[in-house]
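Asker: my questions concern the predicted model and sequence given below.
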Amino acid sequence: MNAFIAIVRRDLLLAARRKSEVLTALFFFMIVVSLFPLGIGPETAMLRRIAPGVLWVAALLAAMLSLGRLFATDHQDGTLEQMALSPTPLAVLVSGKVLAHWLTSGLPLVLLAPVLGLQFDLSARALGVLMLSLLLGTPILSLIGAIGAALTLGVRGGGVLLSLLVLPLYIPALIFGAGAVEADVAGLGAGGHLSLLGALLALGVFFAPWAATAALRIALD
């Protein structure tokens with residue numbers, strides 16, 4: 001646990017020194033979400049109908065912006081090799097990096113989404129469901145993205161390949177996350193969608209660090 005906490009703290013400190021990367025994702029999220037009400041117009045029924053999909057797609061794309069740098073910097077300066085040779089299991093260290101990535105790229109989107117959701121005339125209850133769905137769903141994006149980042153580490157044109165790898169895997173989280181808000185707005189209840197998101201998160205927490213670790217060892221070899 002000491003190594004896990006040290007990795008999380010280290011990556012958070014590095015992110016604090018590179019504030020532009022975090023702010024870029026936030027500004028991207030804000031701009032993409034804000035353009036839809038301007039382009040579609042003030043029809044509230046239409047805005048409420050498209051809000052869950054727009055907010056979730058924008059959050060998904062914003063979270064992807066920093067995936068390419070998840071392991072690349074450590075690979076370039078040799079830190080990743082030292083992590084692989086340390087007595088601490090590499091999967092534990094990878095989990096720490098994934099948690100730090102979510103804290104810097106996913107959690108800010110969760111906190112910002114309800115504010116942007118007001119542009120779509122969503123109710124307070126729908127905004128709460130939106131926030132909860134993103135709180136469950138954005139860690140899934142980081143976990144799946146870690147596998148993709150590890151598989152494309154050191155590959156020329158890895159950014160494009162990373163997008164092609166992870167976008168299809170993001171679809172279940174997108175469907176259940178946006179579906180939770182849509183179901184709540186329709187009065188059907190969001191419990192089923194949120195339960196499925198929770199199940200996906202549990203599977204990701206268990207399997208993703210080991211899959212990313214295996215991909216990293218292949219890249220280092």
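Answerer: Yep, that arrived. Residues are numbered from 1 along each chain as shown.

Asker: so how far is residue 112 from residue 119?
Answerer: Remark: distance between residue 119 and residue 112 (Cβ to Cβ, to the nearest Å) = 12 Å. Bear in mind the C-beta positions are built from the backbone N, C-alpha and C, glycine included.

Asker: show me what counts as buried in the longest helix seen in the chain.
Answerer: Using DSSP state H to define each element, the chain has its longest helix at helix 191-220. Buried residues in helix 191-220, counting neighbours by 16 or more other Cβ atoms under 10 Å, are found at 193-194, 196-197, 200-201, 204, 208-209, 211-213, 215-216, 219.

Asker: from those residues, which is closest to residue 76?
Answerer: Nearest to residue 76, judged by Cβ to Cβ, of these is residue 219 at 12.2 Å.

Asker: quick one: that closest one and residue 147 touch, right?
Answerer: No - the criterion here is Cβ atoms under 8 Å, and residue 219 misses it with residue 147 at 12.0 Å.

Asker: residue 119 and residue 112: who's more crowded?
Answerer: Between residue 119 and residue 112, counting by other Cβ atoms under 10 Å, residue 112 is the more crowded of the two (19 against 16).

Asker: wait, what's in contact with the more buried one?
Answerer: Counting by Cβ atoms under 8 Å, 6 or more residues apart in numbering, residue 112 makes contact with 26, 29-30.

Asker: rerun that using 10 Å as the cut-off
Answerer: Shown in contact with residue 112 (Cβ atoms under 10 Å, 6 or more residues apart in numbering): 26, 29-30, 33, 55, 59, 62, 131, 134.

Asker: and the next element down the chain from the one helix or strand in the chain whose mean pLDDT sits lowest?
Answerer: One helix or strand of the chain scores below all others by mean pLDDT, DSSP states H and E: helix 72-77, with a mean of 80. Per DSSP states H and E, the first helix or strand lying C-terminal to helix 72-77 is helix 79-85.

Asker: what about this protein, any weak spots by pLDDT?
Answerer: 157-158 (pLDDT under 70).

Asker: show me what contacts residue 12?
Answerer: Residues near residue 12 by Cβ under 10 Å, 6+ apart: 99-101, 103-104.

Asker: now render those as CSV, adding secondary structure and distance to residue 127.
Answerer: Listed next are the contacts of residue 12 as CSV, based on DSSP: H, G, I helix; E, B strand; the rest coil; distance: Cβ to Cβ, whole Å:
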residue, secondary structure, distance to residue 127
99, helix, 25
100, helix, 27
101, helix, 25
103, helix, 22
104, helix, 23
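
Asker: coming back round to it: mind listing the shared neighbours of residue 119 and residue 112?
Answerer: Joint contacts of residue 119 and residue 112 (Cβ under 10 Å, 6+ apart) are 33, 55.

Asker: now residue 155: closest residue in space that isn't a chain neighbour?
Answerer: Among residues not flanking residue 155 along the chain, residue 161 sits closest, at 6.2 Å (Cβ to Cβ, 6 or more residues apart in numbering).

Asker: quick one: neighbours of the one you found, just the number.
Answerer: Around residue 161 there are 14 residues (other Cβ under 10 Å).

Asker: how far is the helix or strand encompassing it from where the chain is centred?
Answerer: Using DSSP H and E, residue 161 sits within helix 158-185. With Cα atoms, centre = their mean, to the nearest Å as the basis, helix 158-185 stands 10 Å off its chain's centre.
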